[in-house]
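S.K.: output the structure for:
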Amino acid sequence: MAHRITLRQVADHAGVSVTTVSNVIRGWPHIAVATRARVQQAIDTLGYVPHPIAQGLRTGRTQVIALIVPDLTKPHFAAMVSIIESIAREQGYSILIYNSQDDAASENHCIHEAIQRWVDGLIIVQAAGAHDTNTALASLSVPVVALDRVPQGFDGASCQIDNLNVARLAMEHLHTLGHQRIAHLAGPVGAQPAQERRAGYLNWLRDHGLDYQAVAECAGEWGSDSGYSAMLHVLDHFPAPSAVFASNDVMAIGALHALYERGFSVPQDVSVIGVDNIELCRHLHPPLTTIAQPMHTLAQIGIDMLLQLINSSTLAVPHRVLPPELVIRESTAPPRAD
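M.R.: Residues are numbered from 1 along each chain as shown. All right, here's what the predicted structure looks like:
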């Protein structure tokens, strides 16, 4: 096995000190052009590659960021990870990705493990029901950005979607079509976006004087099985709705399955709208109307915030709330005339 080339060997080859070689590698400006060229030639000739741990000890930076998400199997978070990783790489950072499995204890373990890896900063999407996240983050000595789900009481940098507006857009679209009996399939009880979308749904019904409040909360997660079970619960315990607002697209897909099994046509009998605008929405039958989240913007702002905190410790705007957008497809239509 070939031995790693050392700074000392580069310095000897170039006829300079180890400190000079180190300063060239770090981009120190006050070095003569000829000296810089001689050191660079020695680096190229010997094939020197800086050791990341040694560099971290010298500079106090590892060029590594930790990203903790609740569930890598969900399209929403998979897209987020892909975008953040791509942007970070362009900025010279590597990403350590942790999957908390939407579990509070696992999330706490991920936080502590990430810090032990000497990361320069942390982006976290809170696990559902993780009530102590803010306590775990408060003691950290590295910059933190909360993304998508912001822990209660967290006063650090954050960026999230306007989930109350998500519910408003969905409900206004259905109501404009003429729907009065609109059911809501809510996400996990402890998940911030689910709680806010549920609150937005109930607030909208109250503000518009509608008394049909059919809410089915999924037992554990945001998956299609939860949407399927929640849809069956609504059909079994409430008068049949003319429209359904699902808390995310994957739950909406489960709802479509349940409606099909019970003999309902979409959108002729029941309109269905989801949230997220995942790629699969366009390929369903019928294509799913949804509330799109600006995922690329959310991820871009999150990583930009963290890099600014790493480099300067201050943010002009530490808290961002992004607007959603209605995407109309074929799963929503005016209700069938009685």
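S.K.: hang on, isn't residue 35 packed against residue 19?
M.R.: No: applying C-beta atoms under 8 Å as the test, residue 35 and residue 19 come out as separate, 11.8 Å apart. For glycine as for every other residue, the C-beta is placed from the backbone atoms N, C-alpha and C.
S.K.: who has more neighbours out of these two?
M.R.: Per other C-beta atoms under 10 Å, whichever of residue 35 and residue 19 has more neighbours is residue 35, with 16 against 11.
S.K.: for the more buried one, grab phi and psi.
M.R.: Phi and psi for residue 35, reported as degrees, to the nearest 10, are phi -70, psi -40.
S.K.: then the longest helix along the chain to CSV, C-alphas only?
M.R.: Longest helix in the chain, counting residues (DSSP state H): helix 295-312. C-alpha atoms of helix 295-312 as CSV (Å, rounded to 0.1, in the frame of the first residue of the first chain):
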residue,chain,number,x,y,z
MET,A,295,-39.0,22.0,-2.1
HIS,A,296,-36.0,23.3,-4.0
THR,A,297,-36.4,26.8,-2.5
LEU,A,298,-36.8,25.3,1.0
ALA,A,299,-33.7,23.2,0.7
GLN,A,300,-31.7,26.0,-1.0
ILE,A,301,-32.6,28.5,1.8
GLY,A,302,-31.9,25.9,4.5
ILE,A,303,-28.3,25.2,3.3
ASP,A,304,-27.6,28.9,2.5
MET,A,305,-28.7,29.8,6.0
LEU,A,306,-26.4,27.2,7.5
LEU,A,307,-23.4,28.2,5.4
GLN,A,308,-23.9,31.9,6.3
LEU,A,309,-24.0,30.9,10.0
ILE,A,310,-20.8,28.8,9.6
ASN,A,311,-19.0,31.7,7.9
SER,A,312,-20.3,34.8,9.7
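S.K.: which is the next helix or strand following the worst-scoring helix or strand of the chain on mean pLDDT?
M.R.: Ranked by mean pLDDT, DSSP states H and E, the helix or strand of the chain with the weakest confidence is helix 52-59, at a mean of 54. Later in the chain than helix 52-59, the nearest helix or strand by DSSP states H and E is strand 64-69.
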